[in-house]
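Participant: got a predicted structure plus its sequence, pasted below:
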Amino acid sequence: MELAQWTLDRLAADQTNSVLALRPEATLRQAKAAQQRLDATRPEAAQRERPGFSLLGLPIAHKDIFVTRDWPTTAASKILQGYVSPFDATVVQRLAAAGMVCAGKLNCDEFAMGSGNTHSAFGPVKNPWDPLAVPGGSSGGSAAAVAAGHIPAATGTDTGGSIRQPSAMCGLTGIKPTYGRASRWGMIAYASSLDQAGPIARTALDCAVLLAVMCGFDPKDSTSLQLDDENFAAAINQPFKGAPTNAPLSGLRVGMPKEFFADGLSAEVRSAVEQALTEFKRLGATLCEVSLPRTALSIPAYYVIAPAEASSNLSRFDGVRYGHRATAPSDLLDLYCRSRAEGFGAEVKRRILIGTFVLSHGYYDAYYIQAQRVRRLVAQDFDTAFQGCDLIAGPVAPTVAWDIDQAASDPLREYLADIYTLGVNLAGLPALSMPVGFGSGAGRPRPIGMQLIAPRLNESLLLRAAHHFQSATDWHQKTPEHPGAAR
Amino acid sequence: MSWEIVVGLECHVQLKTASKIFSPASTQFGAAPNTQAHMIDLALPGVLPVMNREAAACAIRFGLAVGGQIAPRSIFARKNYFYPDLPKGYQISQYETPVVSGGQVMISVDGRQRHIELTRAHLEEDAGKSIHEGIAAIPVGCSGIDLNRAGTPLLEIVSEPVMRSAKEAAAYARALHSLVTWIGICDGNLQEGSFRVDANVSVRLAGQQEFGTRCEIKNLNSFRFLERAIEIEAQRQIELIEDGGRVIQETRLYDPDAEQTRAMRSKEDAHDYRYFPDPDLPPLILEPAWIQEIQSQMPELPGAMRMRLTEQFGLSDYDALMVSATRATADYFFQALDAGRSLGVDPKVIANWIMGDVASSLNRDGLAIEQCRVSAVQLAGLIARIADGTVSNKIGREIFASLWAGEFDSADAAISAKGLQQIQDTGLIAQLVDEVLTANPKMVEELKGGKDKALNALVGQVMKKSQGKANPQQVTDLIRSKI
């Protein structure tokens, strides 16, 4: 109860604009239930039931893309302002069942469309490391709330990098699992074939514990994989395939895609990532160069496929059954046009227009079909690369977080910044982001992240490699001095 | 000029599954508005579709019944358009890869039989209903939306444009309706919209190879309207062309009261549906073993049954067609046959009764054969009493009427209660014959003079005197022997 109240107070006093909804009575009700569960379970029994780690009573907050019964859900859009879902998302429900206490709902880019969290109908989120900087996006509120120290972990969603990139920009660890691992039931769809849920927390170990709870087969999601639940934390301490404990990553082959280290990568990010790779080497890993030749093509392919799906997924927001409805429409067309024109923000409209265009008669083959071909080729590139390595490592984003006031002007700049993360979603692979250093902004340090990518379903290897790295380094322990406070 | 009509039909068949195609809501007809709309049907944020396997099983049954190709892998696509009764803003349907391709349905028109080829059959979800008037709770100028129907599974069955008359089109629609109810995938209820037909109609000069421009007539929910709408639309097109006009491709509505079709929307305002594969649904995979299992549970199909009726039971082609017109009729026939087997009942006689008194009584009372007031077992019992000479055919029909009226439980009960047995006593019949001959000397003379007409009159008089209980053949023989 005390922890829940402390968390609520922190979130209420937040200076990063990461919070969209607090319902103290709901949070405290969950905390009370958790306390009762804790009191009812003898410690020995608890240990027997759930060897390792218990999440019982720990606070978490959810990206406002996940629907919740006890908090409004807006997807950071005016079109859903005030909407309350009659059900909880599967991911929300699984975390609650594990005893976690939901502290509230977190800001993000509208319908998860964006890379800087500047496209929220409820204002941009500030980076706790530097209030002039974006926190990354689209799960910017999640990353900011964790980095600011309000909560130990938050949920995020990742369609083209939306967990990894804000984790990187806020100095946190975040993981996007293999497509189909986490149920999409209750996750407001942006691009259905790319969307995945995952945790944002401080360490790989925290992510492992949370991911294990979040993932699992869900009959309500037809794209959910029929796998047994996997305890990603169980073997996280184990060295790689019989490696010695002083060089736990011996034998691990880490591939560096040359396209990820080519022109466009800023010197400070390159340097931090290369230093981290040196640390991997020290831990026993061997480094090798691999190639992902269609890396650049993943940007146009993604920005065809994702908007195409989005244009259709967002058709349901029509002002007829729920959400924003234009006042006094003159006829049906006017109701549709004005409700959507008033309800959606500029970036969402831009993507709906792109998506509608690429699916249109006469353009479908040239854009959508072509993009699907590229998508298959991107996936093949990863398959080929993984023949020569166990993990792929590289930067998450070409630069550190940019300034909030630069953001809105140029959508293309934002799209191009997704270059290292999009391919993973197109191929459906698991990937993790973790802090490896700092670059400079306008005075205050801005975090740099490194990305690890694994073959399908190999989350445990990702987490294990990251855990060994974090056991030997302290980047993940750094916290901002004055979280979110204005200079 | 001689014109040829070209018709192809698209039939929307609601599948008889307990729940909807992508949600667990009930598909029951007639519930209060929006009480059977699951949050998936409402398209609330965050919901996802899950395919109902039962709907796929229905598609397999249909594919097997028409001898079509069943796709081992078919894709669901999104058909995007905005309408208030389409909550997601797209309809989940199959576009490039339908679950069934090809196949054929046999029809019979004016005693001639032919096959109608099918293009495809695909699975999709039904939309909800917009209610524009008649509900007190809806303010003037507003429309209501009922989403109970949204998500009801449909099989859209598309024929090739091979029909050449309204009559053929109606015969095909009837045959298809009979087939889908026969194999148990549709309840066939036309009033409730379980079976809806769109007709594509064009005309061309006899002998012309290429098709004329077609118009689509939407939502015809009775076979009579279908036939009439096609006739009227074809006539409209012919007159238009003969007057020097051109047919414009458009969607039209049939107005049965005005006896005309009216333009609804032209191709120019046609939607661009922006079809693309639905990323929420994996391809529909139909395992050969499952298809095999369904095959083994398929009922005998009308074609095979017709063959058996003619070959095994000696029915004429026409009788066989009538008996197998619907599954219920066939069931009735075979129940009567089973009940009458030990009683020596002739299958042909059963067929005659079904097409005769049974059909006319059902017609008169507006009933379907499932609601027939004389059960198949009762009918068999009655036919047995006619066959063994207990009652004449005429008395038999009276007994049928009393069974229909529910006066008796069986023919035997009616016969004994009313004393309707034929007179078996030859002495009694001879006495009646003598009385009649004595009373009608003039007729006797005429008969002797070779006028057979007089014989019928004399037999009739004896029958009347016996209250119909004498055997007419016996009476005839007796009169002849006495003259």
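Facilitator: Happy to help now that I have it.
Participant: every contact and neighbour count from this point should use C-alpha atoms.
Facilitator: Fine.
Participant: tell me who's in contact with the residue of the stretch 1-150 of chain B found nearest chain A.
Facilitator: In the stretch 1-150 of chain B, the residue found nearest to chain A is B:Gly46; the distance is 3.9 Å by Cα to the nearest Cα. Each residue near B:Gly46 by Cα atoms under 8 Å, 6 or more residues apart in numbering or on different chains is listed here: A:Phe66, A:Val67, A:Ala89, A:Arg184, A:Trp185, A:Gly186, A:Met187, A:Ile188, A:Ala189.
Participant: for A:Gly104, same thing?
Facilitator: Neighbour list for A:Gly104: A:Val19, A:Leu20, A:Ala21, A:Leu22, A:Arg23, A:Thr27, A:Ile60, A:Ala61, A:His62, A:Trp71 [criterion: Cα under 8 Å, 6+ apart].
Participant: hmm, 6 Å instead?
Facilitator: A:Gly104 makes contact with A:Ala21, A:Leu22, A:Ala61, according to Cα atoms under 6 Å, 6 or more residues apart in numbering or on different chains.
Participant: ditto for A:Gly140
Facilitator: For A:Gly140, the contact set (Cα under 6 Å, 6+ apart) comprises A:Cys108, A:Asn117, A:Pro166.
Participant: so how many other residues sit close to residue 240?
Facilitator: The chain I'm using is chain A. 21 (other Cα atoms under 10 Å in any protein chain shown).
Participant: please go with chain B instead
Facilitator: 13.
Participant: can I assume it sits in a helix?
Facilitator: Yes - counting by DSSP: H, G, I helix; E, B strand; the rest coil, B:Leu240 is found in a helix.
Participant: gap between B:Phe408 and chain A?
Facilitator: Separation of B:Phe408 from chain A (Cα to the nearest Cα, to the nearest Å) stands at 56 Å.
Participant: that older thread, contacts with chain B among the contacts of A:Gly104, please.
Facilitator: For chain B, no contacts are drawn from these by Cα under 6 Å from any Cα of the partner chain.
Participant: out of these, flag the one nearest to B:Asp452.
Facilitator: Comparing the contacts of A:Gly104 against B:Asp452 with Cα to Cα places A:Ala21 closest, at 104.2 Å.
Participant: torsion angles phi and psi at the closest one?
Facilitator: Backbone torsions for A:Ala21, taken as degrees, to the nearest 10, come to phi -150, psi 130.
Participant: surely it is in contact with A:Leu106?
Facilitator: No - taking contacts as Cα atoms under 6 Å, A:Ala21 lies outside contact range of A:Leu106: 7.0 Å.
Participant: higher neighbour count, the two?
Facilitator: Taking other Cα under 10 Å, A:Ala21 and A:Leu106 do not tie; A:Leu106 has more neighbours (33 against 20).
Participant: contacts only, for the more buried one.
Facilitator: A:Ser18, A:Val19, A:Leu20, A:His62, A:Lys63, A:Asp64, A:Gly141, A:Ser142.
Participant: redo that, cut-off 8 Å
Facilitator: Contacts of A:Leu106 by Cα under 8 Å, 6+ apart are A:Ser18, A:Val19, A:Leu20, A:Ala21, A:Ala61, A:His62, A:Lys63, A:Asp64, A:Gly141, A:Ser142, A:Ala145.
Participant: restricted to strands, list those.
Facilitator: A:Val19, A:Leu20, A:Ala21, A:Ala61, A:His62, A:Lys63 (DSSP state E).
Participant: what number of residues are in the vicinity of the residue lying closest to the residue of the stretch 1-150 of chain B closest to chain A once chain neighbours are set aside?
Facilitator: Nearest residue to B:Gly46 in three dimensions, chain neighbours excluded: A:Gly186, at 3.9 Å (Cα to Cα, 6 or more residues apart in numbering or on different chains). Other residues within reach of A:Gly186, judged by other Cα under 10 Å, total 25.
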